[in-house]
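Chemist: Output the structure for:
(2 chains, ligands or ions: 1)
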Amino acid sequence: MEKRQVSNILESLDWITVGLYLLLVLMGWLNVYAAVYNEDYHSIFDISQRYGKQMLWILAAVLLIIIILLIDVKIYVFFSYFIYGFVILLLLLVLTLGVEVNASKSWFEIAGIRIQPAEFSKVATILALANYLSDPNRRLLQLKTLLTTLIIIAIPMGLILLQNDTGTAIVFVSLIFMLYREGLPGWILFLGFMAIVVSVLALTKPFIVPMAVIVIIALIYAYSISKQKDDVKHFSLGFFTIIGIFVGIKYLFSLSILLEWIVMGVILASLPLLVYYAFLKRGAKMLIIWVISISFILFSYSIDYFYDNFLQPHQKDRIDHVLGINFDPQGAGYNVHQSKIAIGSGGFWGKGFLQGTQTKFDFVPEQSTDFIFCTIGEEWGFVGSTTVIMLFLALLIRIIILAERQRSHFSRIYGYGVFSILFFHVAINIGMTIGITPVIGIPLPFFSYGGSSLWAFTILLFIFLRLDANRRFLVK
Amino acid sequence: MKDEYSNKPVIIGAIAVAVLFIYIVRLFILQMFETQYHESATSNVLRLMVQYPNRGLIYDRNNNLLVHNEAVYDVIVIPRQVKEFDTAEFCKILGIDKDYVQKQLIATRRYSRLKPSIFLKQISSYENALFVEKNYKFPGFYTQTRAIRKYPEHNSAHLLGYVGEVSDQIIKQDTSYKSGDYIGINGLERAYEHLLRGQKGVEIFLVDVHNRIKGRFKEGKYDKPAIPGLDIQISIDANLQNYGEQLMRNKLGAIIAVEPSSGEILCMVSAPSFDPNLLSGRERTSNYRMLELDSLKPLFNRALQAQYPPGSTFKLINALVGQQVNVLNPNTTYSCFGGYTVGRFHLGCHSHPSPLRLIESIAMSCNTYYCHVYRNILDHQGQINFRKNFMAWASMVKSFGLGDKLGLDFPFELPGFIPDTSFYDRRFGNKRWVSLNIISNSIGQGEILTTPLQMANMACAIANRGYYYIPHFIKKIENQDHIPEKYTTPIHTKIDPKYFPIVIEGMFQAVNGGAGSTARVARVDGLDICGKTGTAQNPHGKDHSIFIAFAPKDNPKIAVAVYVENAGFGATWSAPIASLIIERYLKGEISPSRKYLEDRILQANLIDGKASGI
Ligand SMILES: [Zn+2]
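Modeler: Just a heads-up that it's a prediction; the model follows:
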């Protein structure tokens, strides 16, 4: 590559994003140091410790950035399907050749270094989607396009679910933001958002899953056959708003309302309304759909009831084992309590760097990985944790601004993909440490200890910056 | 087109702002207003006290308590909180010296200044009371309750096993264990660790600068009580077990008794033994080393791990296989004149009446008879079928639970050995061996190895006329209705039940027959004991004495195998011990006419001059 081109890239690179990135990565490193600080190994550069290793990962990430920036943008477009295919292959291979860590079979071990292909599948999926959807002949709302899009998302998601890594699989749901920007109607985003909320809840309340899936499918079908599309639209908006409000109240203020009963109540209460719609407006078809879905819901609920009340402990164990359900050995919510104590004890100013005690007693599990935000909250207080949140927010907003200034659709779609993934990770990860979202094992971008996740997020972001540096030209 | 999309970036941005704004509000409430979370170096400190669960108790089949817990206390230190203190008083209360204090302070500081570590293990409740009273003088120290195991009977060490601190290796494999936790290391404590251990809990206290507990954090809202382990009832009869331990004092060997109708193990004795309390408590490590160095190997569980040749008891199996393959029937008669001779080969026999039929051959344990039977089993369809016959024989033998681990609920069982064709091919060369090469198998002196447990199980299979249950200890688990199915499913041998009565009659005659019967010493009036003596050749010294038996003859209630090492012929030591065990179990006491026998056994010292077990 010629010198002129290199200087061109450096000139048009978005240094604000680069700055935010570096700030977050360095803060992450310091907090990993604080989280696993070991007095016998004072040096933050000691590579026998996690903080020393994190430094190596960061250095490697810088090297990755240089390589990413030097590669011609056209390569990313041209090879996007190939990269996608390659990652899918890796996801398949890891199922047989991978090593098992914490009950998830999702790691390759090469020369003592563990790599998690699922982390990289996010980049690959977004690249493939950007390529597919940026074709000027395609409109997202065409059935074929929509289905293909969903399949592109579903394949890696399914394979990751097979690895028993539910957390990472759920991340793909966040791509609804990207699809919304590219043409999905707003009310579907709303439903999608509710679907995220409900399926996230489903991890702790298993029986909601089939219920939510049934309701959503029924609604979509009702929408497609209904002549009064607005009625269905308004009805579903109202339906989910009510559930959403209850869910919000429950989780924000920790009220112990029996969520299931509320959902059931709302569904049953809506029945007369539906009967009214069915007879007066559209005919029997709608009614049949609702009767079927409600009987399915009752069925799934009765299974739950049966499971709880009639099965012997050893029979339950067997079923749990088959379904891959692990119970929290410390008792439900124990980790979250510990995490809240740690963060709460930080107060306004925090206890100061390396002065945290809760986080050092190993009271909070996964201190340097999924629960790194505890260390921030404890040692840097409200000031520090708010700063970190604001930095993430600044990065997210900046990504939207950059995405909107792209000439080529490919770059814009990719940009919104980056936004979706980062936003989901940040929201879920921080949310779980303060007890708003359930505990899903996904890392805090740039902060959490671990090479795979740091590199994957770096690649994700810097491919976008590389595309952005080329924003004046059409890449495709 | 433009219009439709223009507000979408704003909406997406607004969602991100809204969500993260909610988080900031939540953080603000959490960090500014929920003041109970606050702490600093100068005010209250949270202290998380781990609550160790009470380990489950173990009862015998008659609900006698075999194991219980006793409270002890660990002194914990958090090095960073330690300030100057009166070392002399500290040492006096805890009964330690200043060197220990220095050494431990350095060691714990090295581990971590902030994390609590154990300063002194297992002080008594008396020492703990003294210490708690003066605790305010020793900032940075506190005590924590633990429970150690106590074994009130002071015996059955092999059976009960012991509990110790979990090793680093196990912590790596199973993250539910943390350093300092206890785990069952051997015996039933190990086999039922998953039920007995329970779950740890935690209590969170607020502690002020003077090291005083100010109260529970948030009224105990975040406390989590420890969940005690499950109690279990085992099939052992403690009286019988104790009696067995007494009988085996000053002897090397094993007794194992099983109820044939269920597979429940009634007693398991391995001698020499030791007091299990030696391996519970502060002196565990040094006591363990002492036991390990003992030349009589008291830590070795002979009942499941000693692999001896079965000796003449194995003739029972050959008698059954012989009938099954139609080379033997109750009227088959062979003569014996001091042994079995083919060309230059000779295998001796003791003197007894001749010729013999099947019943007498068992009752009088004739070697010659079984040399004929065994060769017929292997050669009965001509040389061509030799290998096939051999494999059929081995497979029928294995169907009695020999040559493989039985899979009982107990650790470190050994499989014994039943040779196969490849074993002999290696020894003699491929297909270069014939029945005469392996003739010792006919009388249980060849390459066959069995454990006492397998012998007892074999006795069960014969007593049941053709089937057995996998021997097991578990009888009842707290809150559970069933024990695992594998222990309640009968396993059938490959011998037709109709061939058993004649063999059992032989065993009955061995004990209750006339002149020439080998085990008349084991006879008890009214108990119909059926038995078979054996002698395991021992290349290192005097032979081992073996006896297997069951009683009564119909509807057997107990099957037993007794091994006494270096005790010579089976009838001398093993048979009387087995008969005493059976009598004690079925009658509850020893009849006056047999007291002399009991005294002889109790007083016998067969270890002669070797260092004694503890
Ligand atoms: Zn003879």
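Chemist: And the helices in the stretch 401-550 of chain B?
Modeler: Along the stretch 401-550 of chain B, the stretches classed as helices by DSSP state H, counting those that start in this stretch are B:421-428, B:452-463, B:500-512.
Chemist: Who are the packing partners of the longest one?
Modeler: What that stands for is helix B:500-512. helix B:315-324, helix B:358-363, helix B:452-463, strand B:530-536 (3 or more CB pairs under 8 Å, 6 or more residues apart in numbering or on different chains; DSSP states H and E). For glycine as for every other residue, the C-beta is placed from the backbone atoms N, C-alpha and C.
Chemist: Figure out which of the ones you listed is closest to the ion.
Modeler: Closest approach to the ion among the helices and strands packed on helix B:500-512 is made by helix B:358-363 (8.0 Å; CB to the ion).
Chemist: After the closest one, heading C-terminal, what element do we hit next?
Modeler: As assigned by DSSP states H and E, the chain's next helix or strand after helix B:358-363 is helix B:367-379.
Chemist: What is that next one packed up against?
Modeler: Under the contact definition 3+ CB pairs under 8 Å, 6+ apart, helix B:367-379 sits against helix B:315-324, strand B:339-342, strand B:345-348, helix B:386-398.
Chemist: What average pLDDT does that helix get?
Modeler: Averaged across helix B:367-379, pLDDT comes to 94.
Chemist: what angle do it and helix B:315-324 make?
Modeler: Going by axes from the mean of the first three to the mean of the last three CA atoms, to 10 degrees, helix B:367-379 is angled at 40 degrees with respect to helix B:315-324.
Chemist: Can you show me the CA trace of helix B:367-379 as PDB?
Modeler: Extracted C-alpha coordinates of helix B:367-379, given in PDB (Å, rounded to 0.1, in the frame of the first residue of the first chain):
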ATOM      1  CA  ASN B 367      -8.800 -82.600  44.400                       C
ATOM      2  CA  THR B 368      -8.700 -85.600  42.000                       C
ATOM      3  CA  TYR B 369     -12.400 -85.500  41.400                       C
ATOM      4  CA  TYR B 370     -12.200 -81.900  40.200                       C
ATOM      5  CA  CYS B 371      -9.200 -82.500  38.000                       C
ATOM      6  CA  HIS B 372     -11.400 -85.000  36.200                       C
ATOM      7  CA  VAL B 373     -14.400 -82.700  36.100                       C
ATOM      8  CA  TYR B 374     -12.400 -79.700  34.900                       C
ATOM      9  CA  ARG B 375     -10.700 -81.600  32.100                       C
ATOM     10  CA  ASN B 376     -14.100 -83.000  31.000                       C
ATOM     11  CA  ILE B 377     -15.500 -79.500  31.000                       C
ATOM     12  CA  LEU B 378     -12.700 -78.300  28.700                       C
ATOM     13  CA  ASP B 379     -12.200 -81.400  26.500                       C
END
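Chemist: ok and the residue in chain A nearest chain B?
Modeler: A:Gly344 (2.7 Å; CB to the nearest CB).
Chemist: From B:Gly95, how far off is that residue?
Modeler: According to CB to CB, to the nearest Å, A:Gly344 stands 42 Å off from B:Gly95.
Chemist: For these two, indicate the residue with more neighbours.
Modeler: Between A:Gly344 and B:Gly95, A:Gly344 has the larger neighbour count (other CB atoms under 10 Å in any protein chain shown), namely 24 against 11.
Chemist: I'd guessed that one sits against B:Gln31; true?
Modeler: Yes: taking contacts as CB atoms under 8 Å, A:Gly344 lies within contact range of B:Gln31: 5.9 Å.
Chemist: Distance from the chain centre to stretch B:362-371, please.
Modeler: Offset of stretch B:362-371 from its chain centre (CA atoms, centre = their mean, to the nearest Å): 35 Å.
Chemist: what does stretch B:47-64 give?
Modeler: Counting by CA atoms, centre = their mean, stretch B:47-64 comes out at 19 Å from the chain centroid.
Chemist: distance between the ends of that stretch?
Modeler: Taking CA to CA, to the nearest Å as the measure, stretch B:47-64 stretches 40 Å from start to finish.
Chemist: Ok, stretch B:558-569 next?
Modeler: End to end - CA to CA - stretch B:558-569 spans 23 Å.
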